[in-house]
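> Predicted model, plus sequence, below.
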Amino acid sequence: MKLFLAHCGFYDQALAEGGRNIFESHHNFYVAASDAAEAKARVKEKALFKDKKMHVDGLHEISAVDGYRVVLEPEPGGGVRSVGYDEAKSL
């Protein structure tokens, strides 16, 4: 499996000044997939993607970051740790 970042856009009418303008917002999803086609398919199944009627602007296959190779291994139950604003501020 490979790590992909999917950059997705959607039109947000709430920010479009009463519908007189076009305002495109963006959201990034990280997905694990064997190739870009599978990554796109996985992103398109996400509830937020469907709810906001998003489109995929681009995909990045991430194989290394700052000289460190990214290796994906199965991890039952997730594995995300979030650092909130207050904690990040104190780092």
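Received the coordinates, thanks.
> If I look at residue 16, what pLDDT would I see?
The predicted structure scores residue 16 at 69 on the pLDDT scale.
> for residue 21, same thing?
Per-residue pLDDT puts residue 21 at 73.
> That one should be in a helix, yeah?
No: assignment of residue 21 by DSSP: H, G, I helix; E, B strand; the rest coil gives coil, placing it outside any helix.
> Could you give the number of residues near it?
9 (other Cβ atoms under 10 Å). In short, each C-beta sits where N, CA and C put it, glycine included.
> Roughly how far does it sit from residue 27?
20 Å (Cβ to Cβ, to the nearest Å).
> Find the centremost residue of this protein, please.
residue 29 (1.2 Å; Cα atoms, centre = their mean).
> immediately after the lengthiest helix in the chain, which helix or strand?
Looking across the chain with DSSP state H, the single longest helix is helix 36-44. Moving toward the C-terminus from helix 36-44, the next helix or strand (DSSP states H and E) is helix 47-51.
> CA atoms only for that following helix - export them in CSV, please.
Taking Å, rounded to 0.1, in the frame of the first residue of the first chain, the C-alpha atoms of helix 47-51 are listed here in CSV:
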residue,chain,number,x,y,z
ALA,A,47,-19.1,10.8,3.3
LEU,A,48,-17.7,14.4,3.4
PHE,A,49,-16.7,14.1,-0.3
LYS,A,50,-20.2,13.0,-1.2
ASP,A,51,-22.0,15.5,1.1
